[in-house]
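Student: Got a sequence here, can you model it:
(one chain, ligands or ions: 1)
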Amino acid sequence: METLANEKLSILFGRRSIRAFKPGPISDGEIKTLLEAAMAAPSAAAKDPWRFVVIRNTTTLNRVADILTHGQMLRTATCGMLVCGDQAAAHDQLVSYLLQDCSAAIENLLLAVHALGLGACWLGVHPREDRMQALARLFNLPSGVLPVSMIAIGHPAEHKEARTRFHASSVHYETWGGKP
Ligand SMILES: Cc1cc2nc3c(=O)[nH]c(=O)nc-3n(C[C@H](O)[C@H](O)[C@H](O)COP(=O)(O)O)c2cc1C
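Tutor: The predicted structure follows:
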């Protein structure tokens with residue numbers, strides 16, 4: 001079977017960044033499901049340093065869009081989730097573990113969004129100091145809680161085809177430069 005047509009992996013290959021949204025509700029139950037999916041991700045030493053701010057207020061979403069110039073779809077999103085990491089909770093208090101844990105949670109979140117028929121786009125925050133400072137101020141984050149990424153979530157107003165960006169040249173076998 002061709003990989004992209006593998007039904008068991010269709011959620012994974014079908015997940016795409018959605019940047020056009022139409023109006024529509026997202027229920028409290030759906031939000032809970034998304035958070036449960038995010039918090040099912042692997043985490044170094046199971047420290048689970050991820051923290052989430054769920055944003056439904058459209059004024060706040062617009063203020064975030066003022067900060068994130070590449071996040072204008074937030075203006076029409078139903079919901080935003082600011083994914084943060086608590087450095088004190090991270091494995092050995094290392095920021096690198098915090099970032100890896102939060103990234104794993106985000107990918108789970110994006111896959112769950114797609115599985116529920118919703119759409120999402122990952123918006124980079126860390127390591128851009130200006131974005132981090134502005135969001136920390138807007139959301140009143142305690143010191144040591146780092147804003148990592150913003151996720152725009154809504155009802156998709158665009159369709160994108162499933163795909164992989166597989167490149168054989170990105171893979172080495174047994175040793176660097178090794179062929180299959
Ligand atoms: C760390 C990170 C930051 C990103 N920041 C943005 C962003 O600010 N705005 C945006 O539209 N997409 C952003 N993206 C989404 C990427 O552009 C997108 O994942 C990539 O083009 C691949 O497309 P796909 O998600 O449809 O597979 C970001 C993705 C990652 C992983």
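Student: Which positions in the chain make contact with the ligand?
Tutor: 16-17, 19, 70-71, 121-124 (C-beta under 6 Å from any ligand atom). (Glycine included, C-beta is placed from N, CA and C.)
Student: at 5 Å instead, please
Tutor: 16-17, 70, 122-124 (C-beta under 5 Å from any ligand atom).
Student: Quick one: buried ones out of those?
Tutor: Burial by neighbour count, judged by 16 or more other C-beta atoms under 10 Å, picks out 16, 122-123 from those.
Student: Can you lay out those residues as a markdown table showing pLDDT?
Tutor: What follows is those, written out as a markdown table (pLDDT from 0 to 100):
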| residue | pLDDT |
| --- | --- |
| R16 | 98 |
| W122 | 99 |
| L123 | 99 |
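Student: Out of those residues, name the ones that lie in helices.
Tutor: Assignment to helices by DSSP state H places none of these there.
Student: Out of the residues you listed, the closest to I106 would be?
Tutor: Nearest to I106 among those, counting by C-beta to C-beta, is W122 at 6.1 Å.
Student: Quickly list what the closest one is bridged to.
Tutor: Taking DSSP bridges, one finds I151 as the beta-bridge partners of W122.
Student: shouldn't it be in contact with R16?
Tutor: No. W122 lies out of contact with R16 (C-beta atoms under 8 Å); the separation is 11.1 Å.
Student: Please convert the residues of the chain next to the ligand to CSV, extending it with distance to T58.
Tutor: CSV is the format used below for the residues of the chain next to the ligand (distance: C-beta to C-beta, whole Å):
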residue, distance to T58
R16, 24
S17, 21
H70, 19
W122, 20
L123, 17
G124, 22
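Student: any idea which helix or strand carries the residue lying closest to A104 once chain neighbours are set aside?
Tutor: Using C-beta to C-beta, 6 or more residues apart in numbering and skipping residues adjacent in sequence, the residue nearest A104 is A41, 3.9 Å away. A41 belongs to no helix or strand when assigned by DSSP states H and E.
Student: got it, and the one 10 residues further on?
Tutor: R51 is part of strand 50-55 when elements are defined by DSSP H and E.
Student: elements contacting that strand?
Tutor: On a contact count with 3 or more C-beta pairs under 8 Å, 6 or more residues apart in numbering; DSSP states H and E, strand 50-55 meets helix 28-38, strand 79-86, helix 95-115.
Student: now could you export just the CA positions of it as PDB?
Tutor: C-alpha atoms of strand 50-55 as PDB (Å, rounded to 0.1, in the frame of the first residue of the first chain):
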ATOM      1  CA  TRP A  50       3.700  22.000  29.700                       C
ATOM      2  CA  ARG A  51       1.100  24.600  30.700                       C
ATOM      3  CA  PHE A  52      -1.800  25.800  28.500                       C
ATOM      4  CA  VAL A  53      -3.700  29.000  28.300                       C
ATOM      5  CA  VAL A  54      -7.000  28.500  26.500                       C
ATOM      6  CA  ILE A  55      -8.200  31.700  24.800                       C
END
